[in-house]
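> Provided below are the primary sequence and the corresponding predicted coordinates.
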Amino acid sequence: MAIIRNNQVSVIMSVYNDRKVVSNAIISISKQTFRDFEFLIFDDGSTDGTYRVCEKYKILDKRITLFRSDKNEGLTKRLNFLIKKSTNGFIARQDSDDFSYSNRLQKQWDFLRLRKCVSAIGTGCLKEKERTNHYPPEIVSNKIYEKNMNVHGSMMFRKSALVEVGMYNESLRRCQDWELYCKMVKKGMKIRNLHEILYILAESPNPTYWEDYGKVKEAINHLRRK
C-alpha cells in the first residue's frame, strides 16, 4: 500500500473502449472546485484509442496518472489496483461514461471531514437517457442486503474502510459495489447519501451488470449468516 495523506482525495476510474465518452468524465473531474486530489485512470485493454485520449488530458492536468494493460481483466480488479496505488485518505469513484457536477467532490469531502463516524458518502443522480432524478436513501441500512440503490460512480469512501473490508471481491466482475456495501454495513460502518443531484448517469445500467446476481446474492447471504 502507498503512504496515505489522510486529508486529500484520490479519484479512481477504469476505462475500456470509451474513446467517444471518456473526455466528458475526465473534464468533469479536472474542473472540480475541490482542487487537492490525484486522478488515477486505468486503461483496461482498450483497442479503440481510449488511451490516447487519456494521454491528451494527462498533458493538460498533472494530477492525472495513467496505468495501462493490454489484457482486459474487468472493473473489479482494476479498482482494487487503483485503491492500492492511491496516496490519499479518501477514495472517490468516477465511471468513464458519466459526469460529475463541479462541486461534487467538495460537498462529499466536507461531509466526511465533519462526520468522522461515516465511512462512505454517495449522491443523487440524473439518469440522462430517462431524464429522471434518482435519490438513494440518505441512510443505508440493512435493507442494502435486499437491494442496491446506491450510485457506484458517485461514491466517496474512506480508504481505511475499504482496506478493512478487503476492498472489492475480485471473484465478481459485476455487482461488485453491492457486495462491498454489504461488507461495510456488516462491519457496522455507516454509509450515507447526499439528497442532492451531483452526478449524471449517461445511460441506464448495462444489462450485463446483473449477470453475477446469483453469485453476489450468495455472497451477501453468507455475510448475513456470519
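Structure received.

> For the rest of this, base every contact and every neighbour count on C-alpha atoms.
Fine.

> Give me the longest helix you can find in the protein.
helix 213-225 (DSSP state H).

> Now that one: average pLDDT?
Averaging pLDDT along helix 213-225 gives 85.

> Quick check, central residue of this protein?
residue 93 (2.6 Å; Cα atoms, centre = their mean).

> That residue contacts residue 153, correct?
Yes - using Cα atoms under 8 Å, residue 93 is in contact with residue 153, at 5.0 Å.

> Off-centre distance for the longest helix of the chain?
21 Å (Cα atoms, centre = their mean, to the nearest Å).

> Could you do stretch 219-226 as well?
From the chain centre to the centre of stretch 219-226 is a distance of 23 Å (Cα atoms, centre = their mean).

> what does it contact?
The set of residues external to stretch 219-226 that reach it, using Cα atoms under 8 Å, 6 or more residues apart in numbering, is 145, 179, 182-183, 186.

> One more: stretch 38-56?
9-19, 22-23, 63-75, 78, 82, 86.

> Helix or strand: which one has residue 11?
strand 5-15 (DSSP states H and E).

> could you say what helices and strands that strand packs with?
strand 37-44, helix 75-85, strand 88-93 (3 or more Cα pairs under 8 Å, 6 or more residues apart in numbering; DSSP states H and E).

> list the buried ones in the longest one?
Right, helix 75-85. Buried positions in helix 75-85, judged by neighbour count with 16 or more other Cα atoms under 10 Å: 75-83, 85.

> now, which of the contacts of stretch 219-226 lie within helices?
179, 182-183, 186.

> okay, and for this protein, where does confidence drop off?
1-6, 204-210 (pLDDT under 70).

> please redo it, this time with the cut-off set to 90
1-7, 129-131, 173-174, 202-219, 221-226 (pLDDT under 90).

> quick one: furthest residue from the center of it?
The chain, Cα atoms, centre = their mean, max distance from centroid: residue 225 (27.2 Å).

> For residue 88, see how far away that residue is.
From residue 225 across to residue 88, the span is 34 Å (Cα to Cα, to the nearest Å).

> got it, and residue 120?
Applying Cα to Cα, one obtains 15 Å for the distance of residue 120 from residue 88.

> Neighbour count: those two, which is higher?
residue 120 (26 against 22; other Cα atoms under 10 Å).

> Find the nearest non-adjacent residue to the more buried one, please.
Nearest residue to residue 120 in three dimensions, chain neighbours excluded: residue 157, at 4.3 Å (Cα to Cα, 6 or more residues apart in numbering).

> Tell me which helix or strand the one you found sits in.
Counting by DSSP H and E, residue 157 is part of strand 156-158.

> right, and the helix or strand after the strand holding residue 11?
Once the chain leaves strand 5-15, the next helix or strand it forms, by DSSP H and E, is helix 22-30.

> Please look at residue 79 and residue 13 and confirm they touch.
Yes - between residue 79 and residue 13 there is a contact at 7.3 Å, judged by Cα under 8 Å.

> now residue 170, what's its secondary structure?
Going by DSSP: H, G, I helix; E, B strand; the rest coil, the secondary structure assigned to residue 170 is coil.

> what about it, distance to residue 219?
For residue 170, the distance to residue 219 - Cα to Cα - is 12 Å.

> And residue 81, by the same measure?
22 Å.

> What of residue 176?
11 Å.

> Tell me which of those two has more neighbours.
Shown here are residue 176 and residue 219; by other Cα under 10 Å, residue 176 has more neighbours (21 against 16).
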